[in-house]
Structure formats: C-alpha cells, structure tokens
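K.L.:
build me a model:
(4 chains)
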There are 2 protein chains.
Amino acid sequence: MKCGVEYIHRDAVERAENQMIDEGVVLDSATVFKALSDPTRIKILHALSITELCVCDLAKMMGMSVSAISHHLRLLRALRIVKFRKEGKVVFYSLDDVHISALIKSCVEHVQEGSEVEG
Amino acid sequence: MKCGVEYIHRDAVERAENQMIDEGVVLDSATVFKALSDPTRIKILHALSITELCVCDLAKMMGMSVSAISHHLRLLRALRIVKFRKEGKVVFYSLDDVHISALIKSCVEHVQEGSEVEG
DNA sequence: CATATATTTGAACAAATGTTCAATTATTTA
DNA sequence: TAAATAATTGAACATTTGTTCAAATATATG
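P.N.:
Here you go, the predicted model:
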C-alpha cells in the first residue's frame, strides 16, 4: 500500500531531503560496504592488514580453494582495496587503502562493544 | 587447483594466523557491513542521521513502496541499527547507534577522496 | 621446447537478496 | 462496531553472489 498523504511530516522530510547525498556516492559506498560484507573477504583483509601474502598462503589460511580466494581478490583489486606485486610466479597481495582497515577495525570494535552490552 | 606446497611463506602466514580474528566477530562484522551494503538502506540511514522519520516519509523520499521500506527497516531493527517509537498509528524511526552513522560517514569520505584521486 | 608451479578466468549452480503484491495487524475516529 | 490509515508480514519472483570445476595464462626451470 502506498501512503496517500502528501507529506506526513513535511518539515522533517524537507530537512532530510535538503541534505540528501549524491546518488553516485551512495552507490559507490554501497559497493565498498558490499565488498566488506563477506566473511572470507574480511578475513583476507584482516590478514593482509598484518602482512602481505600470496594467493596460496591465503587459501591455506582460510582452508579454501585457490580459485575461490583469487575470485575474491579480483573483486578487491577492482575496487582498489588491495594492491599486488609480482615476484616470479608468486603474486603478493597487500592493502591498498588505509581507510579500509580503519573501517574494518571500527566495525569489529562496534560488534565487540555491542555484544558486551547485550551480555 | 589446490596449492601443494606446505607453506609458501611460513613466517608471514604464522604472524597473520596468530592475530586471526574470532570467527563470531568476523560473521557479525560481515552482517553489519551487509546491512550497510544496500543503496536504499544507506539513504534511509543517512536521512535518519538528520531527523527521525516515519515509514511513510521514508517511502515518499525514496520513491519506493511502504512495504519495501518496512522490510529494510525490519532488517535494520533486527540488527539494532535503528530504533523506533510509536505515536498513535505512526512509527518514528531514528538511529540507534552513533557508530553506524560514523561508519557511513567514513565510507562516504573514502569514496569521495577516491574519486578525487582518480580524476 | 616441455614440464611444473602459481594464479587467473569463465561457466555453472545453489543460496541469498531486494522488491512487489496481497493479506494482515494495530491504532484512531466516526 | 465499522471504516480509514499506518505499518507489518509472507510468498513469490528475478537478480545477484560465492563457490566449485575445468581450462587457460604466466613464469621459472630442466
């Protein structure tokens, strides 16, 4: 059912609408959050926040296939969240962006505080 | 293909493994990020960071059905990201958690910085 | 060049997600 | 009580996502 009233709380709506974020920024933010919304990728990024690692190392650590990890890294690379350097056959990955590890840290802290309060 | 080597970079892997985050924290963090990974929900949360609003207001602002917004709010409520108060028939929603608006703000800033660098 | 190793890629498939629609609940007012 | 309004809910659907599998690249070495 669609709400039939013109505006229930016109003032509040106008105040919020005047500060509306740009649609492009919203979409880009959603994309970044989506990249961080997978447990495997959080673990990858957390590990990379400690040291650079190759695909094979990460696969071992996560107990997952090299292919699966590589697909995740491709996504993170496309969003410039990780960078890489090649050394012979081996590709070393590391965090490209300090902000991302800050985001993860904030979220982890938030989650840990939340569970303390809840008991 | 699974990597056959025992550990390509044993020291690095051990360092990262020693600081591995708790699985539960990883899952909870992923859930929070997932809640933030939808454009509609980012807009809802941004609007609520400015003022409390009812479901109908939000539906109008987003140009979406009341039902769709209500489904999103249910998710955000379940994760204690928004809270609500009832006033007669109307349910007013607002942010439950300051950390969340901080996370969104950080991400928005990150995105905006990124696009500056890229040109 | 042929072989081995490290990684990437594309297709396929199951599982999860966002929206719509129709029905339901909760509250107010006639 | 009946009608109207605000919101919630469940089922259904198309779309997206994460993983696996098999095949393809890229690099080093015999």
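K.L.:
can you give me the helices in chain A?
P.N.:
Secondary structure of chain A (DSSP state H): helices located at A:10-18, A:23-35, A:39-48, A:55-62, A:66-78, A:98-118.
K.L.:
can the first one be said to contact chain B?
P.N.:
Yes - residues of helix A:10-18 are located near chain B by C-beta under 8 Å from any C-beta of the partner chain, namely A:12, A:13, A:15, A:16, A:17. In this view, the C-beta of every residue, glycine as well, is placed from N, C-alpha and C.
K.L.:
shouldn't the second one be in contact with residue B:59?
P.N.:
No - between residue A:13 and residue B:59 no contact is recorded; they are 10.7 Å apart, counting by C-beta atoms under 8 Å.
K.L.:
centroid residue for chain A?
P.N.:
Nearest residue to the geometric centre of chain A (C-alpha atoms, centre = their mean): residue A:36, 2.2 Å.
K.L.:
which residue is the nearest non-sequential neighbour of that one?
P.N.:
residue B:33 (4.2 Å; C-beta to C-beta, 6 or more residues apart in numbering or on different chains).
K.L.:
count the residues that sit near the one you found.
P.N.:
A count of neighbours around residue B:33, defined by other C-beta atoms under 10 Å in any protein chain shown, yields 24.
K.L.:
circling back: so what does the residue nearest to the centre of chain A look like in phi/psi?
P.N.:
In terms of degrees, to the nearest 10, the main-chain angles of residue A:36 are phi -90, psi 0.
K.L.:
who's in contact with it?
P.N.:
Residue A:36 is in contact with A:42, A:45, A:100, A:103, A:104, A:107, B:29, B:30, B:33, B:37, counting by C-beta atoms under 8 Å, 6 or more residues apart in numbering or on different chains.
K.L.:
do you know the pLDDT at it?
P.N.:
Per-residue confidence (pLDDT) for residue A:36: 97.
K.L.:
and the closest residue to residue A:34 other than its chain neighbours, backbone torsions?
P.N.:
By the measure of C-beta to C-beta, 6+ apart, the closest residue to residue A:34 outside its immediate chain neighbours is residue B:37, 3.8 Å from it. Residue B:37 adopts backbone torsions of phi -90, psi 10, taken as degrees, to the nearest 10.
K.L.:
what does the worst-scoring helix or strand of chain A on mean pLDDT contact?
P.N.:
When the helices and strands of chain A are compared on mean pLDDT, DSSP states H and E, helix A:98-118 comes out lowest with a mean of 83. Helix A:98-118 has contacts (C-beta under 8 Å, 6+ apart) with A:32, A:36, A:42, A:45-46, A:49, A:81, A:95, B:21, B:25, B:28-29, B:32-33, B:80, B:97, B:99-100, B:102-103, B:106-107, B:109-110, B:113.
K.L.:
equivalent analysis for stretch A:43-63, please.
P.N.:
With contacts defined as C-beta under 8 Å, 6+ apart, stretch A:43-63 is touched by A:36, A:40, A:65-66, A:68-70, A:72-73, A:76, A:81-82, A:85, A:90-95, A:100-101, A:104, B:2-3, B:5, B:7-9, B:12-13, B:15-17, B:19-21, B:26.
K.L.:
again, but for stretch A:15-26
P.N.:
So stretch A:15-26 is contacted by B:39, B:42-43, B:46-47, B:50-51, B:53, B:57, B:61, B:108, B:111-112 (C-beta under 8 Å, 6+ apart).
K.L.:
buried only: go through those residues for me.
P.N.:
Listed as buried from those are B:39, B:42, B:43, B:46, B:47, B:50, B:51, B:53, B:57, B:61, B:108, B:111; burial here means 16 or more other C-beta atoms under 10 Å in any protein chain shown.
K.L.:
quick check: the two most widely separated of the residues you listed?
P.N.:
Distance extremes for those: the farthest pair is B:57 and B:111 at 26.0 Å, using C-beta to C-beta.
K.L.:
cool, thanks, signing off.
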